[in-house]
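*Asks:* Coordinates only, no sequence provided:
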């Protein structure tokens, strides 16, 4: 009899223990789920909002068969932007070895300066727009990558010395996404070379900050942020993939906010994380947007999508963002009579 009593007591006690354990596990899982839902769904709007600028690429404007100077002036005078990022293409400024030509970019700096517009030049070999790395034909013919690198360091020094004299230069961006190896026609990433480029720029101009950029979606930012005074990231919401075609990213604003806070916390020298490439044009399957029909372009980017991207950027708590696609807005306006993007863009500076 005692054996049976003890047996059932143990059974009951074991059941109660397991029940308590299930309750505790359920409670902790509920707390975790609530925390994750609240955290990931939280908005991080800043009281002062986002300070917007644009990127302007002479190369891209020419690809769109625009008068690049006319497009540039329209961005300054009609949109009235107050900050502009300008990729400086190595083939433009050293078309032949040791022959330096800065005239076109001097004109852009001067026009911006006359209007009180700040400029961020992007210098190096890997700068915005396809094929990402832009090397003069003469440099491509050099016998080794080491020889190309030495020439790259020389043009970095020449460029830094030349443009550091402009009062409206607000920061330097050295290379573009230098550690992103899966995109672009480029040599493999070289951290030592990047360090040398940054050292040269800081030696020439020790007062202005260095921006290093990284993919907002395809990187953790830790390595890039360790080289930067300011980290610039991309923010894309509607993209194309060869497997599933066009799609929209589903992660919430906290996906960016948490990582931005984390890299700042772990890198005392890092002063800010900003959106250096904010999607404001279609992501097209192909190297050139002009190869896609307008219908395909609008399926990837319409005005409602752009507005949703702006709201998302603000809810992620960024204080600066540079639109990517101002040349496309102007192209739609001039070549296709579609002014909706252009008129909407005016609201950010007027």
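*Replies:* In hand now; what should we look at? This structure is a prediction, so every number in the text was calculated from the model and none was measured.

*Asks:* So which elements touch the helix or strand harbouring residue 312?
*Replies:* Per DSSP states H and E: residue 312 is located in helix 303-315. Applying 3 or more C-beta pairs under 8 Å, 6 or more residues apart in numbering; DSSP states H and E, we find helix 303-315 packed against strand 230-235, strand 272-279, helix 340-346. The C-beta positions use only the backbone N, C-alpha and C, and glycine is treated the same way.

*Asks:* Could you name the helices and strands sitting against the first one?
*Replies:* Put plainly, it is strand 230-235. With 3+ C-beta pairs under 8 Å, 6+ apart as the test, strand 230-235 has strand 210-214, helix 254-265, strand 272-279, helix 303-315, strand 320-324 packed against it.

*Asks:* May I see these arranged in JSON lines, with distance to residue 248, mean pLDDT and mean neighbour count as well?
*Replies:* Below are these laid out as JSON lines (distance: least, C-beta to C-beta, whole Å; pLDDT from 0 to 100; neighbours: other C-beta atoms under 10 Å):
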{"stretch": "strand 210-214", "distance to residue 248": "21", "mean pLDDT": "98", "mean neighbour count": "24"}
{"stretch": "helix 254-265", "distance to residue 248": "13", "mean pLDDT": "95", "mean neighbour count": "18"}
{"stretch": "strand 272-279", "distance to residue 248": "11", "mean pLDDT": "98", "mean neighbour count": "24"}
{"stretch": "helix 303-315", "distance to residue 248": "8", "mean pLDDT": "97", "mean neighbour count": "17"}
{"stretch": "strand 320-324", "distance to residue 248": "17", "mean pLDDT": "98", "mean neighbour count": "23"}
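
*Asks:* what ranges do the helices span in this structure?
*Replies:* In the chain, the helices defined using DSSP state H lie at 2-41, 58-63, 68-74, 90-93, 103-114, 137-140, 145-163, 191-204, 222-225, 254-265, 294-300, 303-315, 326-336, 340-346.

*Asks:* Out of the ones you listed, the one nearest residue 173 is which?
*Replies:* Proximity to residue 173 (C-beta to C-beta) singles out helix 191-204 among the helices of the chain, at 9.9 Å.

*Asks:* so what does the closest one touch, helix or strand wise?
*Replies:* Based on contacts counted as 3+ C-beta pairs under 8 Å, 6+ apart, the elements that helix 191-204 packs against are helix 145-163, strand 172-174, strand 210-214.

*Asks:* wait, what's in contact with the closest residue to residue 161 other than its chain neighbours?
*Replies:* Closest residue to residue 161 apart from its sequence neighbours, by C-beta to C-beta, 6 or more residues apart in numbering: residue 204 at 5.5 Å. Residue 204 makes contact with 157, 160, 161, 164, according to C-beta atoms under 8 Å, 6 or more residues apart in numbering.

*Asks:* Please verify my assumption that the last one contacts residue 205.
*Replies:* Yes. At 4.2 Å, residue 164 counts as touching residue 205 under the criterion of C-beta atoms under 8 Å.

*Asks:* Specify the angle between the helix holding residue 312 and helix 254-265 in degrees.
*Replies:* Here helix 303-315 runs at an angle of 40 degrees relative to helix 254-265 (axes from the mean of the first three to the mean of the last three C-alpha atoms, to 10 degrees).

*Asks:* Residues contacting helix 303-315, please?
*Replies:* Residues outside helix 303-315 that contact it (C-beta under 8 Å, 6+ apart) are 43-46, 49-50, 235, 237-238, 253, 275, 278-280, 321, 340-341, 344.

*Asks:* Outline the domain layout of this structure.
*Replies:* Annotated domains of the chain cover 1-41, 48-346 [automatic domain parsing].

*Asks:* which of these is buried the deepest?
*Replies:* For those, the largest average neighbour count (mean count of other C-beta atoms under 10 Å) is found in domain 48-346, namely a mean of 18.

*Asks:* Give me the distance between that one and the centre of its chain.
*Replies:* 7 Å (C-alpha atoms, centre = their mean, to the nearest Å).

*Asks:* helices and strands of this structure: which one has the lowest mean pLDDT?
*Replies:* Between all helices and strands in the chain, the lowest mean by mean pLDDT, DSSP states H and E belongs to helix 2-41, at a mean of 52.

*Asks:* which of the contacts of residue 204 lies closest to residue 92?
*Replies:* residue 160 (16.1 Å).

*Asks:* Am I right that that closest one is in contact with residue 197?
*Replies:* No. Under the criterion of C-beta under 8 Å, residue 160 is not in contact with residue 197, lying 9.3 Å apart.

*Asks:* and residue 246, which of the helices of the chain is closest to it?
*Replies:* That would be helix 294-300 among the helices of the chain, by C-beta to C-beta, at 5.8 Å.

*Asks:* which residues touch the closest one?
*Replies:* If you take C-beta under 8 Å, 6+ apart as the criterion, helix 294-300 is touched by 238, 240, 246, 282, 283, 284, 289, 336.

*Asks:* Residue 311 and residue 253, how far apart?
*Replies:* 9 Å (C-beta to C-beta, to the nearest Å).
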